[in-house]
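A.B. asks: pasting the sequence and the predicted coordinates here, then a few questions.
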Amino acid sequence: DAGVTQSPTHLIKTRGQQVTLRCSPKSGHDTVSWYQQALGQGPQFIFQYYEEEERQRGNFPDRFSGHQYPNYSSELNVNALLLGDSALYLCASSLRSRINSPLHFGNGTRLTVT
Amino acid sequence: GIQVEQSPPDLILQEGANSTLRCNFSDSVNNLQWFHQNPWGQLINLFYIPSGTKQNGRLSATTVATERYSLLYISSSQTTDSGVYFCAGPPGSNYKLTFGKGTLLTVNP
């Protein structure tokens, strides 16, 4: 049973560039959420995708956007990168119909902006 | 939004010791979860525990929803228990988890 997979594992970008991170949910899951974790902090909710639409959004600017495909996989796009965007980006999946089920996280993508 | 406070922020133990980690919430939480993040960043779901007590091996958790807190117990700690422990929960039945700042646990051999 494949868990949540994310790619790439590490990424180095320059200020002003754009980046795309990818996530495949755990088998059987249909909902994907993205979180940003700065060094020494807990993860912060970015947004959630279900049925290929953004359903909820945290306090992040429009530079952060996403997409979900029919196979439930998801992408996180960040435009006009800032130094402060350097963080671990975590993807979590769950099953929408089981509202109170636990989230399963991927290993994350560590983004460094120089 | 909901506030999540974890204590202690740091904890250093010798192998074999027991510990208790605490999580306080500013509002009611329906879907409280405990996570362990290992030194490589992997975030593992330990417990989904909106109320009551659950046990999994050397770990157990108790949530008292009416008093807005949860406790994570680690018994006979091992070096592999090292890492950061987070509690998280939404204000309602949704997936927008709010995390605490975590407890950094170091277990020395």
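C.D. replies: Cool, got the structure. Residues are numbered from 1 along each chain as shown, chains lettered A, B, ... in the order given.
A.B. asks: tell me the phi and psi of residue B:65?
C.D. replies: Per-residue torsions, residue B:65: phi -60, psi -40 (degrees, to the nearest 10).
A.B. asks: ok, now which ones touch it?
C.D. replies: Residues near residue B:65 by C-beta atoms under 8 Å, 6 or more residues apart in numbering or on different chains: B:28-29, B:32, B:50-51. Every residue, glycine included, has its C-beta placed from N, CA and C.
A.B. asks: what residues does chain B put near chain A?
C.D. replies: Counting by C-beta under 8 Å from any C-beta of the partner chain, chain B comes close to chain A at B:4, B:30-31, B:33, B:35, B:40-45, B:48, B:50, B:86, B:88, B:93-102.
A.B. asks: now that we have those residues, which of them are buried?
C.D. replies: B:4, B:31, B:33, B:35, B:41, B:43, B:45, B:48, B:50, B:86, B:88, B:95-100, B:102 (16 or more other C-beta atoms under 10 Å in any protein chain shown).
A.B. asks: ok so, going back, write the ChimeraX selection for whichever of the contacts of residue B:65 are buried.
C.D. replies: A single ChimeraX command selects the buried members of the contacts of residue B:65 (16+ other C-beta under 10 Å):
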select /B:29,32,50
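A.B. asks: nearest to chain A, of the contacts of residue B:65?
C.D. replies: Taking C-beta to the nearest C-beta as the measure, chain A lies nearest residue B:50 of the contacts of residue B:65, at 7.0 Å.
A.B. asks: so how far is residue A:102 from the closest one?
C.D. replies: Distance, residue B:50 to residue A:102, using C-beta to C-beta, to the nearest Å: 11 Å.
A.B. asks: check residue B:98 too.
C.D. replies: Separation of residue B:98 from residue A:102 (C-beta to C-beta): 15 Å.
A.B. asks: next secondary structure after the strand or helix carrying residue A:77?
C.D. replies: Using DSSP states H and E, the element containing residue A:77 is strand A:74-78. Downstream of strand A:74-78, the first helix or strand assigned by DSSP H and E is strand A:87-94.
A.B. asks: which residues touch the helix or strand just after that following strand?
C.D. replies: Reading on from strand A:87-94 to the C-terminus, the next helix or strand found by DSSP H and E is strand A:104-105. Strand A:104-105 is touched from outside by A:3-4, A:26, A:29, A:35, A:90-94, B:35, B:42-45, with contacts defined as C-beta under 8 Å, 6+ apart.
A.B. asks: can you check stretch A:23-31 too?
C.D. replies: Stretch A:23-31 has contacts (C-beta under 8 Å, 6+ apart) with A:1-6, A:32, A:34, A:48-51, A:72-76, A:91, A:93-96, A:104, A:106, B:95.
A.B. asks: so how do I select the buried members of those residues in ChimeraX?
C.D. replies: Buried residues within those, by 16+ other C-beta under 10 Å, are selected in ChimeraX with:
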select /A:4,6,32,34,48,49,50,72,73,74,75,76,91,93,94,104,106 /B:95
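A.B. asks: near chain B, which residues of chain A are found?
C.D. replies: Counting by C-beta under 8 Å from any C-beta, the residues of chain A lying close to chain B are A:31, A:33, A:35, A:37, A:40-45, A:48, A:56, A:58, A:88, A:90, A:92, A:94, A:99-105, A:107-108, A:110.
A.B. asks: same thing but at 10 Å, please
C.D. replies: Contact residues, chain A versus chain B (C-beta under 10 Å from any C-beta of the partner chain): A:4, A:9, A:31-33, A:35, A:37, A:40-48, A:50, A:55-59, A:88, A:90, A:92-94, A:96, A:99-110.
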